[in-house]
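Colleague: Attaching a predicted model along with its sequence, questions to come.
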Amino acid sequence: MLTIVTERAVMAKRVSSAQLAGMLRDALTRLNRRVRQTRPVGDLTATQLSALASLDLAGAMTPRELADAERVRPPTMTRIVARLEERGLVQRTPHPTDRRQVILAVTSAGREMLAQFERAREQWLARRLAELTAEERDTVRRAAEILRRVAEA
């Protein structure tokens, strides 16, 4: 009798790859949303932060290239860049071959702002992970390794 109950419990926990994919996508989406909401004190919007991070990751680019990367219309990006420039987080330089264009680059202040956001997010996540048991943290560590492999495949 005990064997049958245990076997049913094991079978109930098994899910298909499609079901697991849905569960994982939902969990990652919720976690990512919560981490993205964690921010240090400041008035940088999520859109401005995203543009700044894209510019930092991709390197110097034109406003049009940044608008394309962020999937926004150029006039929207013009407003975003103007705010970032006002705060000293990005700088414009003349385009080397097209005098009608400018090149945008993240300043050292912009990189520091990105680092502050990253630290705030990591601190929030570290606090949440500290609430888990040692066994749960080990499970999360193993899952992180597996997810990294899945992402690299």
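Modeller: Good, I have the coordinates. A quick note: this is a predicted structure, and the numbers were derived from the prediction, not measured.
Colleague: distance of residue 66 from residue 94?
Modeller: 16 Å (C-beta to C-beta, to the nearest Å). Quick note: C-beta positions are derived from backbone N, CA and C, even for glycine.
Colleague: So for those two, which residue has more residues nearby?
Modeller: residue 66 (22 against 11; other C-beta atoms under 10 Å).
Colleague: Please, which helix or strand holds that one?
Modeller: Using DSSP states H and E, residue 66 sits in helix 63-70.
Colleague: what mean pLDDT would you report for that helix?
Modeller: Here helix 63-70 scores 96 as its mean pLDDT.
Colleague: now the helices for the chain?
Modeller: 2-13, 17-37, 46-58, 63-70, 74-86, 108-130, 134-152 (DSSP state H).
Colleague: Pull out the buried residues from the fourth one.
Modeller: In other words, helix 63-70. 63, 65, 66, 67, 69, 70 (16 or more other C-beta atoms under 10 Å).
Colleague: same question, the longest one
Modeller: By neighbour count, and taking 16+ other C-beta under 10 Å as the criterion, the buried residues in helix 108-130 are 110, 113, 114, 117, 120, 121.
Colleague: Same check on stretch 137-153?
Modeller: Going by 16+ other C-beta under 10 Å, stretch 137-153 has no buried residues at all.
Colleague: CA atoms only for it, dumped as PDB, please.
Modeller: Provided in PDB are the C-alpha atoms of stretch 137-153 (Å, rounded to 0.1, in the frame of the first residue of the first chain):
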ATOM      1  CA  ARG A 137      19.900  27.400  -2.000                       C
ATOM      2  CA  ASP A 138      21.800  24.400  -3.200                       C
ATOM      3  CA  THR A 139      18.900  23.500  -5.400                       C
ATOM      4  CA  VAL A 140      18.800  27.000  -6.800                       C
ATOM      5  CA  ARG A 141      22.600  26.900  -7.400                       C
ATOM      6  CA  ARG A 142      22.200  23.600  -9.300                       C
ATOM      7  CA  ALA A 143      19.200  25.000 -11.300                       C
ATOM      8  CA  ALA A 144      21.300  28.100 -12.200                       C
ATOM      9  CA  GLU A 145      24.000  25.900 -13.600                       C
ATOM     10  CA  ILE A 146      21.500  23.900 -15.600                       C
ATOM     11  CA  LEU A 147      19.700  27.000 -16.900                       C
ATOM     12  CA  ARG A 148      23.100  28.500 -18.000                       C
ATOM     13  CA  ARG A 149      23.700  25.400 -20.000                       C
ATOM     14  CA  VAL A 150      20.200  25.600 -21.600                       C
ATOM     15  CA  ALA A 151      20.800  29.200 -22.500                       C
ATOM     16  CA  GLU A 152      24.100  28.500 -24.100                       C
ATOM     17  CA  ALA A 153      22.900  25.600 -26.200                       C
END
